[in-house]
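K.L.:
Make a model of this:
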Amino acid sequence: MTDALLRLDRVNSFYGPVQVHFDLSLEVPRGQIVCLLGGNASGKSTTMKIILGLLKPRSGQVVFDGQPLTGLTTPQIVRRGIGSVPESRRLFGTMTVRENVLMGAYTRSDSKAVAEDYDGVLDLFPKLRERHAQQAGTLSGGEQQMVAMARALMGRPRLIVMDEPTMGLSPLHVDRVLEMIQTINRQGVSIFMVEQNASLALQIAHRGYVLQTGRIVLSGAAADLARDPQIRDAYLGGAQAA
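P.N.:
Below you'll find the model as predicted:
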């Protein structure tokens, strides 16, 4: 691939003595949606932690827009242009929707532009305009996911990493969240997502990778992966992995 916005190059990571990744290499091209598929304990969520600086790899590089991220703190990485939608949303339940969304701008000091961007994300998520003064913990799962996505956008990211964005949502909210991911992507934001539902992820992604016990075992165009017999048997059939 060419013109990669994010690149992981031969990353090896550990939790204590246990190795999680083995020479992990992948790329997210500018303007694309890339999904990372894999079963439980394959290393998917740990990949997100490495990108965000929450876990330091033992070796290898994480490169964003041509510059290495390895060694930077999470706030520094966010300032470089990477937003996060973590697994289970991770909202502040007793804070309002507005307060949670504005937390995404904590690295910014341009208050006027922040206010303009806040109005912009409410246009993108009109339900949140109705709920702006409501405590985030009282929202439905789908509405909470919208808050998490709006919060990520408040940092003006060029890339958003999403960990299981449809987990625990009703079918109606799953469709809505996937639609919003595509809308955000069309606005010029690249997306790297771990998703438990391989079938849905491959429908909206441009490219995909399959991670198995810390190693990439398959990669390619999402449409090709959806037709691959190994993917169909492991992830798209009766034994679909979570």
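
K.L.:
what is the spatially most central residue of the chain paired to in the beta sheet?
P.N.:
Within the chain, the residue whose C-alpha comes closest to the C-alpha centroid is Met162; the distance, by Cα atoms, centre = their mean, is 1.6 Å. Under DSSP bridges, the beta-bridge partners of Met162 are Val85, Met193.

K.L.:
wait, it sits on Met193?
P.N.:
Yes - between Met162 and Met193 there is a contact under Cβ atoms under 8 Å: 4.2 Å. All C-beta atoms are positioned from the backbone trio N, CA, C, and that covers glycine.

K.L.:
Need the residues touching each of those two.
P.N.:
Residues touching both Met162 and Met193 (Cβ atoms under 8 Å, 6 or more residues apart in numbering) are Ile181.

K.L.:
count of residues packed around Arg58?
P.N.:
12 (other Cβ atoms under 10 Å).

K.L.:
quick one, what contacts the closest residue to it other than its chain neighbours?
P.N.:
Using Cβ to Cβ, 6 or more residues apart in numbering and skipping the chain neighbours, the partner closest in space to Arg58 is Asn12 (4.9 Å). With contact taken as Cβ under 8 Å, 6+ apart, Asn12 is in contact with 19, 21-24, 57-60.

K.L.:
out of these, who has the most neighbours?
P.N.:
His21 (27 neighbours).

K.L.:
Assumed that residue was part of a strand.
P.N.:
Yes - assigned with DSSP: H, G, I helix; E, B strand; the rest coil, His21 falls within a strand.

K.L.:
pretty sure it is touching Pro57, no?
P.N.:
Yes - when contacts are counted by Cβ under 8 Å, His21 is listed as touching Pro57 (7.3 Å).

K.L.:
Which neighbours do these two have in common?
P.N.:
11-13, 50.

K.L.:
need the longest helix for the protein.
P.N.:
The longest helix of the chain (DSSP state H) is helix 171-186.

K.L.:
Any buried residues in that one, and which?
P.N.:
Going by neighbour count (16 or more other Cβ atoms under 10 Å), the buried part of helix 171-186 is 173-174, 176-178, 180-181, 184-185.

K.L.:
Need these in JSON lines (columns: pLDDT and distance to Asp123).
P.N.:
Shown next, in JSON lines, are the buried residues of helix 171-186 (pLDDT from 0 to 100; distance: Cβ to Cβ, whole Å):
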{"residue": "His173", "pLDDT": "78", "distance to Asp123": "20"}
{"residue": "Val174", "pLDDT": "84", "distance to Asp123": "22"}
{"residue": "Arg176", "pLDDT": "85", "distance to Asp123": "16"}
{"residue": "Val177", "pLDDT": "85", "distance to Asp123": "17"}
{"residue": "Leu178", "pLDDT": "90", "distance to Asp123": "19"}
{"residue": "Met180", "pLDDT": "90", "distance to Asp123": "12"}
{"residue": "Ile181", "pLDDT": "93", "distance to Asp123": "17"}
{"residue": "Ile184", "pLDDT": "94", "distance to Asp123": "13"}
{"residue": "Asn185", "pLDDT": "96", "distance to Asp123": "17"}
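
K.L.:
Distance to Leu122 added to the residues you listed, as a markdown table?
P.N.:
Shown next, in a markdown table, are these (distance: Cβ to Cβ, whole Å):
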| residue | distance to Leu122 |
| --- | --- |
| His173 | 18 |
| Val174 | 22 |
| Arg176 | 16 |
| Val177 | 17 |
| Leu178 | 20 |
| Met180 | 13 |
| Ile181 | 18 |
| Ile184 | 14 |
| Asn185 | 19 |
